[in-house]
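[1] can you look at this prediction? I've put the sequence above it.
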Amino acid sequence: MILSRFLLAVGLAILMVVTGVSSYMYLGSRQSKVVAPPQKPTAATPRGQAFALPGTIYLEQSGALYRFSAGRFHQLTPEDGWTQPALYPDGSHLLAVKRSGFFSDVYVLTPYGGVTSQLTNNVAPPRSSWDTGANAWSFYPRLSPDQGTLWMSYDGPKTAGAGYFDVDLAVWAVPLGGSIRQGKAWTTANNYTGGDVQPVPVPGGIIYTKYTYDPAGNRTGQLWFTNRAGSPGRALTSTAASCLQPSISPDGGNLAMICTYQKQISYLTVATWNGSSLGALRTLITDQLVAEPIWAPDGSGIAYLAPGGPASPFQLWFLPKNAYNPPPPSPIPTPTPTPGGPHNGPLPTPTPPALPTPPPVRPIQVTSNLGFDASSPLAWMP
Amino acid sequence: MPFGIKPGHRARASRRRLSPFRSLVLVALAISLSAVAGGLAYFIPAAATAIQETGQVVSVPSPSPTSILFSPSPSPSPAEQGAFTVLLLGSDDDSKFSADHVLTQSMILVRVLPATKEVTMLSIPRDLYVHLSTGGYGKIDGAYSYGAAGAAIATVEQDFGVHVDDYIWVGLLGLIKVIDAIGGIDIVTSSPVMDDYYPADIYSGNPFGYQRVAVLAGPQHLDGIHAMEYVRSRHSDLQSDFGRSKRQQQVLQAIRVKSKQLAPSDIPALAAAIGGEMKTSIGLDKVARLVPLAATFDNPDAIRQVLLLPPYTHGGGPDGSVTPNWGAILPLVHQYFP
């Protein structure tokens, strides 16, 4: 009897320890997924039917560049401040920004991530290293269609000891491989706005985002087009629409962008582009925080970044072309009267059958549990 | 053999204890108790932090009768039922200052109307030149450094003619940790925030050092350190502190949105992050009432943001301060903070 009681006591003690620990661990496992850090793209478990996009998309997460091809990710660079990939027009190389705490530079990389050359040198000279303001930023690199000119946003040249609090980016054009002294500032930024960013070379000039203060004193983005250095050009969108992140379609006839209307929203918007002016804005997505739209090289849709859930990190999404450019409806078949004998009087007018309304085309979430940098434009190679 | 127990009784008692039914009851009891114990072990650190950081006793000096500009209405309207006002204080808490003698870089007066689910956030410019409750005149961000939360509350109450029910103080590091603990926030940064002389006083080891900041524009997911850069930088904003206040209100709303996605199991991690970086006079019982209430505030249009831009204030005050135009400010404040 004593042995039985002892065994029962030991059993109960073990049971209590196991239950207590299990209870603790269960509660820990019930933490919401929104708090969990994003997975690495290469470590994320591929879904059974991963959605594959045509070509190869280059994007950035946690300071590393990745290429997404045939439904799989490949890491191109270490997590070391790499961001904002852009393609050479011939697809032979990549431009990318490498960012440190105090400055950023533009590099040329192979499509597989090997560094070929450094195009800018924005670190403060050793004699000015004491002055943080003597460093400079380069962001949003793009190459001209002839691959001879590097376009970028740049806050230099800097003067050591100037102590300026006003730091604004301007759009610069620099001969590829040349020094910044050979470059030219194409735009003059508005003071204390953050400046002019995201240049997109188009035939005859560049489209870019200019920041400004509206009459109510709010800082807001506006798309502009300019065709000569030193001229701001003309505004393509209003300050109220607050549009930014322009992306030109492969055929050059449409522009995708996001418009925030000076609120904590971001709508995917498109408009036609005739080489000098923009058509009416068409809003395609209003229920997501859309960032960095880019057209598929084959014209099959628009990829963009948006949160995978409420207030969560940004994932890759794809909006098929049918969502904004539906195919024309198929012709309604004309019913023919039933053949018969001689007929006196008018033939009855047959009623055409009602066509079913096609379901609305929704965006497709391509990734989940990742965390792409939504301030880094995407690059998409055919 | 214990005194008074007969041998026959003991044998019967032993048989009862070992009966299958009693064994099952014992097992069920053990499982229940240990499950509760595991739960307590999980939540007790959070409860300890909550007890430590909430319900802070604050001594608010009584303002002089002449400084009471508006007295609360004796019978609140239905919309005012249950309304309360909280003063949010955000501070440098780095090694430039000793504890409780820090400046409050951010001061936001929040009025909550539970009946109508409306919130009004009034950002008080940190450089506002006011009569301090501790005596003399100075920038309002110094009130806390002279007399902790009590002095900050008394200064706001006497100068703005409002009643503050409670305060919440958060250190810079606390804000970073909270945002990281909730997994970051989604925000639309309205323009690039560029700063060549941003204080590198949190992780650099040199509280007087500088670093460069470039928070690029557009929708993005920010972790704690980058959200802090976004709300703290003021050098590159034509509206200086006012622009910063606007960004602070954006981040507060983003935190609110993200908090709605959290589960009770996230509380211990959140409490561990907050530990030592937050103080509030709100008691635990009130916190328990407010949490479900906060979840019902889901209309962003019902959150009113008020900034004291010109003509409510103008620059050129002593020592770079901002001079209040009380004739314009007080009617505005009284409209939203009766």
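    Noted; the coordinates are in hand.
[2] show me the shaky parts of chain A.
    Across chain A, the ranges flagged by pLDDT under 70 are A:1, A:45-50, A:330-359.
[3] measure how buried A:Gly309 is and give me the count.
    When neighbours are defined as other Cβ atoms under 10 Å in any protein chain shown, A:Gly309 has 12 of them. For the C-beta atoms, the positions are set from N, CA and C on the backbone; glycine is no exception.
[4] er, A:Ser62 actually
    Residue crowding around A:Ser62 was assessed by other Cβ under 10 Å; the count is 18.
[5] doesn't A:Leu370 make contact with it?
    No. With contact defined as Cβ atoms under 8 Å, A:Ser62 and A:Leu370 do not form a contacting pair (9.8 Å).
[6] who touches both of those two?
    Common contacts of A:Ser62 and A:Leu370 (Cβ atoms under 8 Å, 6 or more residues apart in numbering or on different chains): A:38, A:40.
[7] and B:Thr85, that one's in a helix?
    No. Counting by DSSP: H, G, I helix; E, B strand; the rest coil, B:Thr85 falls outside a helix, being strand.
[8] what residues does the stretch 51-200 of chain A have near chain B?
    When proximity is defined as Cβ under 8 Å from any Cβ of the partner chain, the stretch 51-200 of chain A approaches chain B at A:101-104, A:132-133, A:135, A:137, A:139, A:155, A:163-169, A:191-195, A:197.
[9] report the closest residue of the stretch 151-300 of chain B relative to chain A.
    Closest contact between the stretch 151-300 of chain B and chain A, by Cβ to the nearest Cβ, is at B:Pro192 (3.0 Å).
[10] check contacts around that residue.
    Neighbours of B:Pro192 in contact, by Cβ under 8 Å, 6+ apart: A:169, A:193-195, A:197, A:211, B:214-217.
[11] ok, back up a step: of the residues of the stretch 51-200 of chain A next to chain B, buried ones?
    For these, a burial check counting by 16 or more other Cβ atoms under 10 Å in any protein chain shown picks out A:102-104, A:132-133, A:135, A:137, A:139, A:155, A:165-169, A:192-195, A:197.
[12] could you tell me how many residues sit around A:Pro297?
    A:Pro297, neighbours per other Cβ under 10 Å, totals 16.
[13] hmm, it is touching A:Gly55, no?
    Yes. Counting by Cβ under 8 Å, A:Gly55 is a contact partner of A:Pro297 at 5.6 Å.
[14] and for these two, which residues touch both?
    Residues touching both A:Pro297 and A:Gly55 (Cβ under 8 Å, 6+ apart) are A:380-382.
[15] contacting chain B as well, which ones from these?
    The subset of these within reach of chain B, by Cβ under 8 Å from any Cβ, is empty.
[16] of those residues, just say which sits nearest to chain B.
    Nearest to chain B among those is A:Trp380, at 18.3 Å by Cβ to the nearest Cβ.
[17] so who does the closest one touch?
    By Cβ under 8 Å, 6+ apart, the contact set of A:Trp380 is A:55-58, A:87, A:294-297, A:303.
[18] any chance of those in TSV, plus secondary structure and distance to A:Gln31?
    Shown next, in TSV, are the contacts of A:Trp380 (DSSP: H, G, I helix; E, B strand; the rest coil; distance: Cβ to Cβ, whole Å):
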residue	secondary structure	distance to A:Gln31
A:Gly55	coil	38
A:Thr56	strand	36
A:Ile57	strand	31
A:Tyr58	strand	33
A:Leu87	strand	40
A:Ile294	strand	34
A:Trp295	strand	39
A:Ala296	coil	37
A:Pro297	coil	41
A:Ala303	strand	31
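[19] okay then, goodbye and thanks.
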